[in-house]
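Enquirer: what's the 3D shape of this:
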Amino acid sequence: MSKSIKFAVSIPGDEFKDLEILRKKKGLTRSAFIRNAIRLWKERREIQKLAKLYVDGYKKIPENLIEIEALEKASLGALSLEEW
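Expert: Predicted structure coming up:
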């Protein structure tokens with residue numbers, strides 16, 4: 001792990017109170033809470049990026065009716081084998 005660096009951040013008092021309530025419920029230090037928040041933010045950004053690529057791909061090459069009908073039949077066949 002790389003060397004840790006300390007830095008100061010100013011936030012409004014209400015947001016600080018919210019942060020403290022949440023981190024105490026989770027039993028985390030402030031540092032761990034902020035690290036988790038940054039990690040989650042990065043993961044969400046990556047998911048949004050992948051979702052955009054996915055949507056753009058479908059816009060460039062949309063499914064046709066034959067493909068949709070084939071997927072419906074395949075999924076119905078698979079679901080009919082499940083015990084409900």
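Enquirer: remind me which residues of the protein are low pLDDT?
Expert: 1, 81-82, 84 (pLDDT under 70).
Enquirer: hey, which helix is longest across it?
Expert: helix 30-60 (DSSP state H).
Enquirer: contacts for whichever helix or strand comes after that helix, please.
Expert: Tracing the chain C-terminally past helix 30-60 and defining elements by DSSP states H and E, one meets helix 65-80 next. The contact list for helix 65-80 (Cβ atoms under 8 Å, 6 or more residues apart in numbering) reads Glu63. (Each C-beta comes from the backbone N, C-alpha and C, glycine too.)
Enquirer: run the chain-centre distance for helix 65-80.
Expert: Taking Cα atoms, centre = their mean, to the nearest Å, one finds the center of helix 65-80 at 28 Å from the center of the full chain.
Enquirer: picking that back up, so which bits of the longest helix of the chain are buried?
Expert: By neighbour count on 16 or more other Cβ atoms under 10 Å, the buried set for helix 30-60 is Phe33.
Enquirer: now stretch 7-25
Expert: Arg23.
Enquirer: kindly export it (C-alpha atoms) in CSV.
Expert: C-alpha atoms of stretch 7-25 as CSV (Å, rounded to 0.1, in the frame of the first residue of the first chain):
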residue,chain,number,x,y,z
PHE,A,7,-5.3,16.6,3.9
ALA,A,8,-7.9,18.9,5.3
VAL,A,9,-11.4,19.3,3.9
SER,A,10,-14.0,21.9,4.8
ILE,A,11,-17.6,21.0,4.6
PRO,A,12,-20.8,22.5,5.9
GLY,A,13,-21.7,21.7,9.5
ASP,A,14,-24.9,19.8,8.6
GLU,A,15,-23.0,17.6,6.2
PHE,A,16,-20.4,16.9,8.8
LYS,A,17,-23.1,15.8,11.3
ASP,A,18,-24.6,13.5,8.7
LEU,A,19,-21.1,12.0,7.9
GLU,A,20,-20.5,11.5,11.7
ILE,A,21,-23.9,9.8,12.1
LEU,A,22,-23.3,7.4,9.2
ARG,A,23,-19.7,6.6,10.0
LYS,A,24,-20.5,5.8,13.6
LYS,A,25,-23.4,3.5,12.6
